[in-house]
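Asker: generate a structure from the sequence data that follows.
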Amino acid sequence: MKVIVMGQQAFGKDVLAKIIDAGKDEVVAVYCEPDKKNIDPIKEFALEKGIPVEQPAHFKEDNTLATLKGYDADLMVMAFVNIFVPEAARDIPKQGSICFHPSLLPLHRGPSAVNWPIIMGSTESGYSWFYPTDGLDEGDILLQWKCPIEPDDTVINLYFKKIYPSAVDSALEVCDLFRDGKPPRTTQDESNATYERRCTRKHAHIDWFKPVEQVYNLIRGTNPAPGAWTTIDGAELSVYDCARVEGDGVAGKVMELSDEGVTVQSVGGRILIKRVKPADGDKVAASEWAASANIAVGDVLGS
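Answerer: Numbering: from 1, shown residues only. Alright, predicted model coming up:
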């Protein structure tokens, strides 16, 4: 097939490389976002391989659609796409377009689809390849892959160690299904659909008066970005690696200091904070921060 790869950053680049290395299909063009501060890895790789790169800001103009049509593609593989691609563009390739989403659709439509399952305490996630429509992640499903969310998984574990490598490999299965001429389609069950907004710093604020499980899930589900945070004496403190431990006490109070970190009380249990980032500093071990900031047992976070 003649394939267009549309994507951004490392995931888009690795999907592109996987398709090229397989040697079954010809990548006739790469589409990515307009240049920002640094060159996008997928653009850089495509240029190294001598593949034409297009960077339209949108697909509203006739000449942009004409350029897309000129590549005479059979399929457009949309891997990590941030801009809206209307039907007029999606339907230009002979077999249309297929899009990647890092959740088990119809669950967690929208951005931050890796963060929210962890924050919400889910025990399973995965990814979907679906036929995009003008609705937000609402098209029929081509294929899905599931994986467990372990009790200590963070965004780093779930996405980069589980979803990412399998998803890159699956790009070949996607192409195989279309090349065979009978790619499956399964309608999403709208009764199970959920939509979540982008997980931002606003959502990552720690409330120590919430059940410890919710606090722990929030920290895991925002590690490394946007980063959970709390305050002490009015100064913000970002919280990253942590563990859940047993113990009772007053919520928000520092209960123990050790070489492992700073143990803080929540409702029904405690959080052992292992790594932090002060507002004016870099990420450091929580024990190092506590020593430099003169943190003592009995101090209160969230103040």
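Asker: all strands of the stretch 51-200 of the chain, in order?
Answerer: Secondary structure of the stretch 51-200 of the chain (DSSP state E, counting those that start in this stretch): strands located at 53-54, 75-79, 97-101, 124-130, 141-148.
Asker: quick one: the helices in the stretch 51-200 of the chain?
Answerer: For the stretch 51-200 of the chain, the helices defined by DSSP state H, counting those that start in this stretch occupy 62-70, 87-90, 115-119, 155, 164-179.
Asker: got the angle for the last one vs strand 75-79?
Answerer: Read that as helix 164-179. 170 degrees (axes from the mean of the first three to the mean of the last three Cα atoms, to 10 degrees).
Asker: which helices and strands does helix 164-179 pack with?
Answerer: Applying 3 or more Cβ pairs under 8 Å, 6 or more residues apart in numbering; DSSP states H and E, one finds that helix 164-179 contacts helix 9-22, strand 75-79, strand 97-101, strand 124-130, strand 141-148. Every C-beta, even on glycine, is put in place using the N, C-alpha and C of the backbone.
Asker: before we move on, what about the second one?
Answerer: Under the contact criterion of 3+ Cβ pairs under 8 Å, 6+ apart, the helices and strands touching helix 87-90 comprise helix 62-70.
Asker: report the central residue of the protein.
Answerer: residue 114 (4.6 Å; Cα atoms, centre = their mean).
Asker: re earlier: and the helices of the stretch 51-200 of the chain: which comes nearest residue 230?
Answerer: helix 115-119 (15.9 Å; Cβ to Cβ).
Asker: could you check how far that closest one is from the centre of its chain?
Answerer: Centre-to-centre, helix 115-119 and its host chain are 10 Å apart (Cα atoms, centre = their mean, to the nearest Å).
Asker: nearest residue to residue 58 other than its sequence neighbours?
Answerer: residue 83 (6.7 Å; Cβ to Cβ, 6 or more residues apart in numbering).
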